[in-house]
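Colleague: Give me a 3D structure for the following:
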Amino acid sequence: MSNNNFQQEVSKARYTGLHIQEGDVLEVIVTAMDDLAVKPFNKTTIQQTGEEGSSGGMSMRLGNNEYQVTSEGYIVFPVLGNVYCKGMTKQQLKTEFDNRLKQYLTDPIVTIRHVNFNISVLGDVGAPGQKTSSTERLNVFQALALAGDMRDSADRTKVKLIRYSEESGKDVTYSLDLSEASIVNSPYYYLQQNDILYVEPDRNKQIAANTTNPNRALLFQILGVAIGLVTFVIAIAK
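Modeller: Take a look at the predicted model:
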């Protein structure tokens, strides 16, 4: 990073938490002083553990106390029914649970964890592909580390972040310059669920790729044949 005030820049980095999306799997555990009263709010039996979740055509086997966010943006929770959570952070959802559970429990404690935090890293990296992080607080550099780091030929000034926008209803692309320490102040420094990072190769590698592109070679062959035919026709005409 070219900025000499790197430590000062890093100290300004702010993590606002993940925003829950359709298809997310959340582990929700409710505890309280009264063990008997809290039982209806936790899936603990074998039959419940095998429950299937579905969202927009996606389905998976859910583990104990796990819930998948539906395409409508809610999870189906015991006793409480539908709990809307799409777009919320874990803390906001925890507050929602606290308020609703107080009707049934005294001093309930709710623990929420993302089970399937996935991002994709593509382009000029050591091991491109979809990556699952064991931590929810994942920044750009940690994501690149999961993908084997950027290759020497990668352009660190042109890393693309593709993120779905709830406001526009479509994917939005942002350009990140990882050569500047101020990147840690970017609202895109910490990744969200299903983010895609694309690392472009530098200009020299792009030129080399175009030079060795088999389609390019085929084009030259066709062009050569066409020139030969034109030359032959002109020779005959003379």
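
Colleague: For the closest residue to Thr111 other than its chain neighbours, pull up the helix or strand it's in.
Modeller: The shortest distance from Thr111 to any non-neighbouring residue, by CB to CB, 6 or more residues apart in numbering, is to Ile29 (4.6 Å). Every residue, glycine included, has its C-beta placed from N, CA and C. In the assignment (DSSP states H and E), Ile29 maps to strand 25-31.

Colleague: correct me, but the residue nearest to Thr111 touches Val38?
Modeller: No - look at Ile29 against Val38 with CB atoms under 8 Å: they stay out of range, at 9.7 Å.

Colleague: who has more neighbours, these two?
Modeller: With neighbours defined as other CB atoms under 10 Å, Ile29 and Val38 compare such that Val38 has more, 18 against 15.

Colleague: Can you classify the more buried one as helix, strand or coil?
Modeller: helix (DSSP: H, G, I helix; E, B strand; the rest coil).

Colleague: need the contact list for the closest residue to it other than its chain neighbours.
Modeller: Leaving aside its chain neighbours, Val38 sits nearest to Ala32 (4.5 Å; criterion: CB to CB, 6+ apart). Residues counted as contacts of Ala32 (CB atoms under 8 Å, 6 or more residues apart in numbering) are 38, 105-109.

Colleague: ok, the residues you listed vs Gln91, which is closest?
Modeller: Ile109 (13.9 Å; CB to CB).

Colleague: Give the closest residue to that closest one in space, chain neighbours not counted.
Modeller: Ile109's closest residue in space is Thr31 (CB to CB, 6+ apart), at 4.6 Å.

Colleague: and the residue nearest to Val38, how far is that from Leu26?
Modeller: Per CB to CB, to the nearest Å, Ala32 is found 19 Å from Leu26.

Colleague: and if you look at Leu36?
Modeller: Distance from Leu36 to Leu26, by CB to CB: 25 Å.
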